[in-house]
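Asks: with the sequence up front, the predicted model follows.
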Amino acid sequence: MSEPLQQRIASALRGVINPRLGSDVLSAEQAANVAVTLDGKVRLQLRLSAQDDATLARDVRQVVERVEGVTDVRVDIVDAAAPTPPASAPKRAALPVMQEPTAPKGVPAPTPIAYPNLGRIIAVSSGKGGVGKSTVTTNLAVALAKQGFAVGLMDADIYGPNIPRMMGVDAPPAVRDDKIIPLEAHGVKIISLGFLIEKDQPAIWRGPIVMKIVTQFLRDVQWGQLDFLLVDMPPGTGDAQLSLVQATQVAGAVIVTTPQEVSVGDALRGAMMFRRVGVPVVGIVENMSYFESPETGKPLAIFGSGGGARLANELEVPLLAEIPLYPPVLQAGDAGAPIVVADPSCSASQKLVKLAARVAESVGARPA
Ligand SMILES: Nc1ncnc2c1ncn2[C@@H]1O[C@H](COP(=O)(O)OP(=O)(O)O)[C@@H](O)[C@H]1O
Ligand SMILES: [Mg+2]
């Protein structure tokens, strides 16, 4: 198995051509809302119009059934002429496969579990890697802690679990009475996949592990009573995102992007995925918006600008912050002390602190 299950299903769907449209069912958006459970059950919608060959539904079912790892397939036929529901479904029921007791022999389908002790769970996500997601997450966590909130930070990025380095912690966590004791730094409780996964294990092998670990991190870590649990997601819309939203109720997603168009496109897809499963997008953070010289303090647009604003517009959510590309931010991360503690007065820090206040405000949280 070389690719994640969802990708293998997508490739299979791309092999089903609708002769009427001369295009495959996925690209033509005839097959949509594909949901996959942890144990390989697939549910998808197929939009058929009166002119479509009825065998299309059978073909779709058959190719998906043949995908390795798929245990069950359900195809819901919808009338292509009927209006499509809005992308931002208001309820969690938008991923119905999660609630279905379809699992055979008493194996329960994953159902989101509420963890009241975790406070508000905020996913920090991005379309691409390298946009500064972990940098934003660590600074957001520390800034919220400084504002008086009890904050946990979960590093669920299987490709680059670098939260420990950025927070300056590096010991495997202790286990006491079957509970994992989180590490603590800068007033934040921290748990990372990086603590548990072999460093040189290829990322592709980590995929299946992440499903189990996300649940374990929610349930078996001695978080105590939190106001916020921030989750640093891997880039894109993969297993970790799906695992998290299936495992528990996520209060909101913060999407990090850079001003470049490519990054914005990927970020849009990421944001839509959260919406589709009923998780509100709190807003957009544009990172590396412009260069700020440490010598002169002068701003300089280097990547073009306005990408974050365009994305925010498209999604009709606020642009929460525009963070400068400022070399001390990188140095602070490398040294294990996020910039909001290393240099609280610089403009990047001030923007990150404001960001924290806006995030707290948008989910209605007040420090105890
Ligand atoms: N605003 C910024 N100014 C300067 N360097 C930054 C900034 N944001 C991120 N970086 C640096 O860019 C690199 C990628 O950031 P990181 O947070 O690891 O991205 P991601 O988690 O999205 O992969 C890191 O070396 C980080 O220190
Ligand atoms: Mg990262």
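Replies: Received it, and whenever you're ready, just let me know what you need. Everything numeric in this text was worked out from a predicted model, so none of it was measured. Ligands and ions are numbered 1, 2, ... in the order given.
Asks: I'd like the next helix or strand past the helix or strand bottoming out on mean pLDDT in the chain.
Replies: The weakest-scoring helix or strand in the chain, judged by mean pLDDT, DSSP states H and E, is helix 203-219 (a mean of 71). Per DSSP states H and E, the first helix or strand lying C-terminal to helix 203-219 is strand 228-232.
Asks: so, in contact with ligand 1 or not, the very next helix or strand once past that following strand?
Replies: Downstream of strand 228-232, the next assigned helix or strand under DSSP H and E is helix 239-247. No: for helix 239-247, no contact with ligand 1 is found by C-beta under 6 Å from any ligand atom; the gap never falls below 13.1 Å. Every residue, glycine included, has its C-beta placed from N, CA and C.
Asks: and the helix or strand just after helix 239-247 with strand 228-232, angle?
Replies: Per DSSP H and E, the first helix or strand lying C-terminal to helix 239-247 is strand 252-257. Strand 252-257 and strand 228-232 are oriented at 40 degrees to each other (axes from the mean of the first three to the mean of the last three C-alpha atoms, to 10 degrees).
Asks: just for the stretch 201-350 of the chain, where's the confidence low?
Replies: Applying pLDDT under 70 to the stretch 201-350 of the chain flags the ranges 201-210, 263, 303-304.
Asks: let's see that with 90 instead.
Replies: 201-216, 234-243, 246-247, 259-267, 269-270, 276-278, 296-307 (pLDDT under 90).
Asks: what sits against Val341?
Replies: Residues near Val341 by C-beta atoms under 8 Å, 6 or more residues apart in numbering: Val142, His186, Ala332.
Asks: redo that, cut-off 7 Å
Replies: By C-beta atoms under 7 Å, 6 or more residues apart in numbering, the contact set of Val341 is Val142, His186.
Asks: tell me which element it is part of?
Replies: Per DSSP H and E, Val341 falls inside helix 339-342.
Asks: mind listing what Pro235 touches?
Replies: Pro235 makes contacts with Ser126, Gly127, Lys128, Gly129, Lys133, as judged by C-beta under 7 Å, 6+ apart.
Asks: do that again at 10 Å, thanks
Replies: Listed by C-beta atoms under 10 Å, 6 or more residues apart in numbering, the contact set of Pro235 reads 125-131, 133, 157, 159-160, 241, 256, 263, 266-267, 270.
Asks: residues from the chain in reach of ligand 1?
Replies: With the criterion set to C-beta under 6 Å from any ligand atom, the chain comes near ligand 1 through 126, 129-135, 160, 162, 287-288, 323, 325-327, 329-330, 333, 348.
Asks: what's near enough to touch the nearest residue to Ser125 once chain neighbours are set aside?
Replies: Beyond its immediate neighbours in the sequence, the residue positioned closest to Ser125 (C-beta to C-beta, 6 or more residues apart in numbering) is Met233, lying 4.4 Å away. Counting by C-beta under 10 Å, 6+ apart, Met233 makes contact with 123-126, 133, 137, 154-158, 214, 240-241, 243-244, 253-254, 256, 270, 274.
Asks: again, only using 6 Å
Replies: Each residue near Met233 by C-beta atoms under 6 Å, 6 or more residues apart in numbering is listed here: Ala123, Ser125, Ala156, Ala240, Gln241.
Asks: ok, so of those, who is nearest Asp53?
Replies: Ranked by distance to Asp53 (C-beta to C-beta), the contacts of Met233 are led by Gln241 at 34.4 Å.
Asks: can you count the residues close to the closest one?
Replies: Counted by other C-beta atoms under 10 Å, the residues lying close to Gln241 total 26.
Asks: returning to what we had before: buried members of the contacts of Pro235 into ChimeraX, please.
Replies: Selecting only the buried entries of these in ChimeraX, with 16 or more other C-beta atoms under 10 Å as the criterion:
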select :125,126,127,128,131,133,157,160,241,256,263,266,267,270
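Asks: what about ligand 2: which of the contacts of Pro235 touch it?
Replies: Filtering the contacts of Pro235 for proximity to ligand 2 by C-beta under 5 Å from the ion leaves Asp157, Gly160.
Asks: looking at the contacts of Pro235, which are in helices?
Replies: Judged by DSSP state H, helices contain the following of those: Lys133, Gln241, Ser263, Asp266, Ala267, Gly270.
Asks: can you tell me which two in those residues are farthest apart?
Replies: Gln241 and Ser263 (17.2 Å).
Asks: show me the contacts for whatever residue of the stretch 101-250 of the chain ends up closest to ligand 2.
Replies: Across the stretch 101-250 of the chain, the shortest distance to ligand 2 (C-beta to the ion) belongs to Ser134, at 3.2 Å. Contact analysis of Ser134 by C-beta under 6 Å, 6+ apart lists Asn162, Ile163, Met166, Asp232.
Asks: got the domain boundaries for the protein?
Replies: In the domain annotation for the chain, the residue ranges read 5-106, 116-362 (automatic domain parsing).
Asks: can you tell me which of those domains is most buried?
Replies: domain 116-362 (a mean of 20; mean count of other C-beta atoms under 10 Å).
Asks: Ile77: which element?
Replies: Per DSSP H and E: strand 72-79 holds Ile77.
Asks: so what strands line up beside that strand?
Replies: strand 41-48 (parallel) (DSSP bridges).
Asks: for this structure, which residues are neighbours of ligand 2?
Replies: Applying C-beta under 5 Å from the ion, we find that the chain lies next to ligand 2 at Ser134, Asp157, Gly160.
Asks: show me where the stretch 251-368 of the chain has strands.
Replies: 252-257, 281-292, 299-300, 319-325 (DSSP state E, counting those that start in this stretch).
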